[in-house]
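S.K.: got a sequence here, can you model it:
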Amino acid sequence: MSKLTVSKLAERVGSTPSALRYYERIGLLPEPRRSEGGYRLYDDAAEERVKFIKRAQRFGLRLDEISELLAIRERGQCPCGHTRDLLAGRLAEIDGEMAGLVRLRGDIERMVQELPPAEEDSSWGCAGELVSLSRRDPEAGEEQ
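M.R.: Predicted structure coming up:
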């Protein structure tokens with residue numbers, strides 16, 4: 001059984017000591033044993049738990065969602081169904097973000113086409129012309 005200090009554990013899992021202390025404060029990471037000098041001493045189970053948290057974060061799950069999955073696992077149940085639901089929701093969020101980026105890209109592309117090249121006459125009234133260009137409302141998908 002390893003006895004890792006907070007800085008050693010952070011180094012091994014690619015995190016920071018302050019993040020690990022935060023996980024402990026919010027209950028994602030159980031309070032570890034302490035050395036005689038008061039240092040936190042983590043075991044292998046804590047390392048695996050933090051790796052799970054980091055993997056879940058990489059998929060975009062929020063800490064409260066990760067907490068739900070850990071609680072299900074701690075009750076001895078399989079969190080697979082709940083994980084599937086959370087990840088399906090995350091996919092829907094990503095699809096919405098991607099659609100918004102496609103609209104933004106189109107708006108920027110139209111703006112680039114409507115603006116004169118940099119080498120043209122420098123007397124062009126940039127501020128006035130830029131304001132008068134039609135803008136699209138990205139939420140409504142309509143021109144204003």
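
S.K.: and Cys78, how far from Ile94?
M.R.: The spacing between Cys78 and Ile94, counted by CB to CB, to the nearest Å, is 25 Å. Where you see a C-beta, it was placed from the backbone N, CA and C, and this is true even at glycine.

S.K.: what about Ser7, neighbour count?
M.R.: Neighbourhood size, Ser7 [other CB atoms under 10 Å]: 13.

S.K.: list the contacts of the most centrally placed residue in the chain.
M.R.: For the chain, the residue whose C-alpha lies nearest the mean C-alpha position (CA atoms, centre = their mean) is Gly60; its distance is 4.9 Å. Going by CB atoms under 8 Å, 6 or more residues apart in numbering, Gly60 touches 90, 93-94.

S.K.: quick one: low-confidence ranges for this protein?
M.R.: Low-confidence segments of the chain, defined by pLDDT under 70, span residues 1-2, 120-144.

S.K.: that one: strands as residue ranges?
M.R.: 33-34, 40-41, 136-137, 142-143 (DSSP state E).

S.K.: one step back: any chance of CSV for the contacts of Gly60, columns neighbour count?
M.R.: Putting the contacts of Gly60 into CSV (neighbours: other CB atoms under 10 Å) gives the following:
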residue, neighbour count
Arg90, 15
Glu93, 10
Ile94, 11
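
S.K.: what about the helices in the protein?
M.R.: Counting by DSSP state H, the chain has helices at residues 6-13, 17-25, 44-58, 63-74, 80-114, 126-132.

S.K.: and of those, who's closest to Arg33?
M.R.: Proximity to Arg33, assessed across the helices of the chain by CB to CB, is greatest for helix 44-58 (10.0 Å).

S.K.: contacts for that closest one, please.
M.R.: With CB under 8 Å, 6+ apart as the test, helix 44-58 has contacts from 1-2, 4, 9, 12-15, 20, 23, 28-30, 32, 63, 65-66, 69-70.

S.K.: between that helix and helix 80-114, how big is the angle?
M.R.: With axes from the mean of the first three to the mean of the last three CA atoms, to 10 degrees defining the directions, helix 44-58 sits at 40 degrees from helix 80-114.

S.K.: put the alpha carbons of helix 44-58 into CSV.
M.R.: Extracted in CSV, the C-alpha atoms of helix 44-58 (Å, rounded to 0.1, in the frame of the first residue of the first chain):
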residue,chain,number,x,y,z
ASP,A,44,-3.4,3.4,-4.1
ALA,A,45,-7.2,3.6,-4.0
ALA,A,46,-7.1,7.4,-3.8
GLU,A,47,-4.8,7.4,-6.8
GLU,A,48,-7.3,5.3,-8.8
ARG,A,49,-10.2,7.4,-7.6
VAL,A,50,-8.5,10.6,-8.8
LYS,A,51,-7.6,9.0,-12.1
PHE,A,52,-11.3,8.2,-12.5
ILE,A,53,-12.3,11.8,-11.7
LYS,A,54,-9.8,13.1,-14.2
ARG,A,55,-11.0,10.7,-17.0
ALA,A,56,-14.6,11.8,-16.3
GLN,A,57,-13.6,15.4,-16.4
ARG,A,58,-11.9,14.8,-19.8
